[in-house]
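Student: have a look at this fold, sequence not included:
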């Protein structure tokens, strides 16, 4: 009820109006349309209108009709009358019900329906309004407040069809006799719903948002079903209305459409069969490979594991990227942010990390949020080319999808990951990217008329990402010991890491890998900024071999970057400074890594041992990468026992280190001899 209607209803009630008075006024307007034209005309004087009203209308209604004519609201009298009658019925403990049927019910049937309404509501009296609708085929529908009792033949047949389709879908071979037997069984076992369904009415719909009146007992996050078949999720609950986001097109949903509760919260199907598939935010396949048999159903919103359910992060999740594994190690159960401007290689790092999990018993989930469908298709193609789709699930909500699906997408991906985590498996999940996720949530919130805050984001945008990323953890052995490692991606504008969303996610995660545009465009790829990147888990998530091999790498690189800035305009440098600059430039060159070429632990260790001990200082910078690949090929072919020992034991003892340095010298001497 809007404020204008409420004002006139209050005016009528103050005049001690009766239901009979209102019915008489409605009859006058219905039988004499010219009365509406006179009262709504600006050419008729107010005194003339007052005379007409005094002669035609009952006394308790006159003042309200005159006020409505003054404001040119007289055409909304029927709406005011209906609202006033409802309030009068409420005050007199009279129930209102709408009976929709094919043919006019008899007096005996009406009395039976009235007794049913009285029994359900406990009211002293009941007013029944009968509507005819031939599409029901038979039976009737009772609308009683926000409850609906559907006993129509149309609904019965729809229910049978749904059951038939579901049963037939589970059968590999269904002949005509089988279909008839299913149909007979359904008809025999079918019972009309004796409990009323809670229903609401759509007030407005648009931009993927529906405002609903009714559904007074609905809960936040519950799925509601529109009469067009489209589903939505409750996101805003107010005194008289409910705000709902749609999980599909709003075609077929109009003002006045009915909505019913599902009594279920949003969830997605999960199971082993999802591995290797591409699904949307609702868990439905979009790769054209057919339906996916589900093993379970998980809510998209789940509480994060408690402190006592978590185990400290101590096992590494190797990315295969030398710059990251050596200086910013990621552990299983960690949340490491990948942050940088657009087109700086953020997705490439995530892709290489997924490729590097091959054969390491880790289920990978790539969540594309608001990306072009062509971009996602290329990424899936790259994963297939490297054999990574054998252990990867892609959860996709493209830029063409509504904001509601982009909003729910990362929660759905996490629910799928949790299925594997609670079975004791390790998972890696990539959110690409949470900047677009925040924008989608901002769009939804503004459409729901929530108050905007900083940069127009709603006040709970921090909670949006914290409740998502807190679900990534490593479980205790009692709970199976599974883990979810999260790699959220955030896109910055002009390198501004102090913006609202980046600072929010930085404070939630356990470290960040910052990719710098200047480094990227200078050819340093991956363009990891050593100064701004950090892993707050640290050496606990690093193997002993990597920890020992990396040594002072990060400090050396930081000193090089600082010295490079101070000496870029100097022409006269001493030999020590030149040597340190050459050493730092060589380290930067070694950290360059092509796409789709993750390095094994042993390859990284050999490279670092040689670099830190300055065994490559004599190699020209332009030839260093080619030299590195030849050296690693030499070790893999000639000294494979060293490589396999490092991979298996994950330690680097002094003897092994000496052997590596000795064999590097041998390789260098042979290369020089050639």
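Tutor: All right, it came through fine. If you're wondering where the values come from, they're calculated on a predicted model, not measured in any experiment. Residues are numbered from 1 along each chain as shown.
Student: any weak-confidence spans in the stretch 501-650 of the chain?
Tutor: 570-571 (pLDDT under 70).
Student: over to the stretch 101-250 of the chain?
Tutor: Scanning the stretch 101-250 of the chain for pLDDT under 70 picks out 162-196.
Student: the helices in the stretch 151-300 of the chain, which residues?
Tutor: According to DSSP state H, counting those that start in this stretch, the stretch 151-300 of the chain carries its helices in the segments 153-169, 176-189.
Student: again with the stretch 401-550 of the chain
Tutor: Counting by DSSP H, counting those that start in this stretch, the helices of the stretch 401-550 of the chain are 403-421, 434-447, 461-469, 500-508, 517-521, 544-550.
Student: wait, which of those helices is closest to residue 242?
Tutor: Nearest to residue 242 among those is helix 434-447; the distance by C-beta to C-beta comes to 14.0 Å. (Each C-beta comes from the backbone N, C-alpha and C, glycine too.)
Student: for that closest one, packing partners?
Tutor: Contacts defined by 3 or more C-beta pairs under 8 Å, 6 or more residues apart in numbering; DSSP states H and E place helix 434-447 against strand 362-371, helix 403-421, helix 461-469, strand 483-492, helix 500-508.
Student: among those, which is nearest residue 70?
Tutor: helix 403-421 (43.3 Å).
Student: pretty sure residue 621 sits against residue 590.
Tutor: No: using C-beta atoms under 8 Å, residue 621 makes no contact with residue 590, being 10.1 Å away.
Student: quick one, which of those two is more surrounded?
Tutor: residue 590 (21 against 12; other C-beta atoms under 10 Å).
Student: how about the contacts made by that one?
Tutor: 322, 607, 611, 616, 624, 625, 628 (C-beta atoms under 8 Å, 6 or more residues apart in numbering).
Student: quick one: which of those residues is nearest residue 509?
Tutor: Taking these together and measuring to residue 509 by C-beta to C-beta, the closest member is residue 322, at 21.9 Å.
Student: now for the helix or strand harbouring residue 86, which elements pack on it?
Tutor: Here residue 86, judged by DSSP states H and E, is contained in helix 77-91. Helices and strands touching helix 77-91, by 3+ C-beta pairs under 8 Å, 6+ apart, are helix 3-14, helix 19-31, helix 59-70, strand 94-101.
Student: of these, which is nearest residue 107?
Tutor: strand 94-101 (13.3 Å).
Student: what is the subsequent helix or strand relative to the closest one?
Tutor: helix 107-121.
Student: which residues touch that next one?
Tutor: 95, 97, 99, 105, 123, 125-126, 128, 130, 140, 142, 144-145, 147, 196.
Student: now rank those residues by neighbours and give me the top one.
Tutor: Ranked by the number of neighbours (other C-beta under 10 Å), the contacts of helix 107-121 place residue 97 first, at 23 neighbours.
Student: before we move on, back to that, specify which member of the contacts of helix 107-121 is nearest to residue 465.
Tutor: residue 147 (38.5 Å).
Student: got the contact list for the closest one?
Tutor: Contacts of residue 147 (C-beta under 8 Å, 6+ apart): 120, 196, 197, 198, 199.
Student: hey, what's it bridged with?
Tutor: Note on residue 147: beta-bridge partners residue 144, residue 198, judged by DSSP bridges.
Student: the helices and strands packed on helix 77-91: which one's closest to residue 529?
Tutor: For residue 529, the closest of the helices and strands packed on helix 77-91 is helix 3-14, at 56.0 Å, according to C-beta to C-beta.
Student: now the angle from that closest one to helix 77-91?
Tutor: 60 degrees (axes from the mean of the first three to the mean of the last three C-alpha atoms, to 10 degrees).
Student: buried ones in helix 3-14, by neighbour count?
Tutor: For helix 3-14, burial by neighbour count (16 or more other C-beta atoms under 10 Å) applies to 5, 8, 9, 11, 12.
Student: now the angle from it to helix 59-70?
Tutor: Here the directions of helix 3-14 and helix 59-70 differ by 160 degrees (the same axes, to 10 degrees).
Student: was I right about residue 298 contacting residue 413?
Tutor: No: in this structure, residue 298 is not within contact of residue 413 by C-beta under 8 Å, at 11.3 Å.
Student: and those two? which has more neighbours close in?
Tutor: residue 413 (29 against 20).
Student: next, the contact list for that one, please.
Tutor: Contacts here follow C-beta under 8 Å, 6+ apart; on that basis residue 413 touches 365, 367, 393, 395, 429, 431.
Student: any chance of those residues in CSV, with pLDDT, distance to residue 256 and neighbour count too?
Tutor: Below are the contacts of residue 413 laid out as CSV (pLDDT from 0 to 100; distance: C-beta to C-beta, whole Å; neighbours: other C-beta atoms under 10 Å):
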residue, pLDDT, distance to residue 256, neighbour count
365, 98, 41, 25
367, 97, 37, 28
393, 97, 41, 24
395, 97, 35, 31
429, 98, 42, 28
431, 97, 39, 32
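Student: what's the most distant pair in these?
Tutor: Pairwise over those, using C-beta to C-beta, the maximum falls at 393 and 431, 13.5 Å.
Student: got the contact list for stretch 240-253?
Tutor: 1, 200, 202-203, 205-206, 208-215, 218, 224, 226, 228-237, 259, 282, 402-405, 407-408, 444, 448-449.
Student: having no further points to raise, I will conclude here.
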